[in-house]
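Asker: return atomic coordinates for the entry below.
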Amino acid sequence: MTHRSLSSRALRRPPGRAVAAVCASTMLLCAASCGGNDPDGGNGPTDPSPTSSTSSGTTEPTPTEPTITEPASDEDKAAAALLGYLNVRDEAYATGRISKRLNRYATGQEHFALQQFVQQLTAPPETRFQGAWEHEVVGTEMQQDGSALVTDCEDGSNVDVIRVADASVLPWIKFEGQELPRRLEQVYRVEKAGARWKVTSAESLPDEVTEC
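Answerer: The predicted structure is shown next:
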């Protein structure tokens, strides 16, 4: 389920196999603000940590954080970018705030569509998504223009739509008059923008699946 598929129509009708990666975001209604330092800034090796003295008078280096290794192939990079974007998206669905990390993972139509959807969530009567989404990349297909079509299997079985005022659970999202399935597949276009891969659009309507 994506905001592009749901758009303003859906929200007004109340808010919804080779595995490349899995990303599960646990979200609470009263989650903290998305501001602060960007935890994703930089992918290079960490600086060596200060040394610590031992009882013998010698010094030993304090263990450092492991180096983050970039995905090796374009397919992996595109899939990783989509999962990063979906993490930001799910966080925005839960809090009504969009993290500055959105700029790292999305651009163009998808970037704008998420902002529009969150504006609808925060308009009276305010609603949020509460629960744990699960995402699994089940396919990546490189295109002749250099972009990638990445298929995400999304499971919202443990997610509810709630009204902020009283925390009451609202009916699940409807699209074209029908309730959306809780488990579905969605295809996204991911393109290389400078040194990064970013999600630019959702390329299909969601299709119901029985399992990821």
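
Asker: which element, helix or strand, includes Cys153?
Answerer: strand 148-163 (DSSP states H and E).

Asker: can you list the buried residues in that strand?
Answerer: 148-156, 159-162 (16 or more other CB atoms under 10 Å). Quick note: C-beta positions are derived from backbone N, CA and C, even for glycine.

Asker: just stretch 96-112 next, same as before
Answerer: Within stretch 96-112, the residues scored as buried using 16+ other CB under 10 Å are 96, 98-99, 101-102, 104-107, 110-111.

Asker: what helices and strands are in contact with the strand holding Cys153?
Answerer: Counting contacts by 3 or more CB pairs under 8 Å, 6 or more residues apart in numbering; DSSP states H and E, strand 148-163 packs against helix 74-95, strand 127-142, strand 169-170, strand 183-193.

Asker: pLDDT (mean, whole number) over the third one?
Answerer: Right, the one you point to is strand 169-170. For strand 169-170, the mean per-residue pLDDT is 96.

Asker: next helix or strand past that strand?
Answerer: strand 174-175.

Asker: ok, the first one next?
Answerer: From helix 74-95 onward toward the C-terminus, using DSSP H and E, the following helix or strand is helix 102-105.

Asker: got a list of contacts for that following helix?
Answerer: Under the criterion CB atoms under 8 Å, 6 or more residues apart in numbering, residues 38, 40, 81-82, 84-85, 88, 92, 111, 114, 196, 198-199 lie in contact with helix 102-105.

Asker: ok, so of those, who is nearest Leu184?
Answerer: Comparing those against Leu184 with CB to CB picks out Leu82 as the nearest, at 15.0 Å.

Asker: now the residue nearest to that closest one when sequence neighbours are not counted: how far from Lys174?
Answerer: Distance criterion CB to CB, 6 or more residues apart in numbering; nearest residue to Leu82, sequence neighbours excluded, is Val150 at 4.7 Å. According to CB to CB, to the nearest Å, Val150 and Lys174 sit 26 Å apart.

Asker: just to revisit the earlier point, the buried residues of stretch 96-112: which two are farthest apart?
Answerer: Using CB to CB, the buried residues of stretch 96-112 span at most 21.9 Å, a distance reached by Gly96 and Thr107.

Asker: circling back to that earlier point, quick check on the contacts of helix 102-105: which are buried?
Answerer: 81-82, 84-85, 88, 92, 111, 114, 198-199.

Asker: understood, closing this out.
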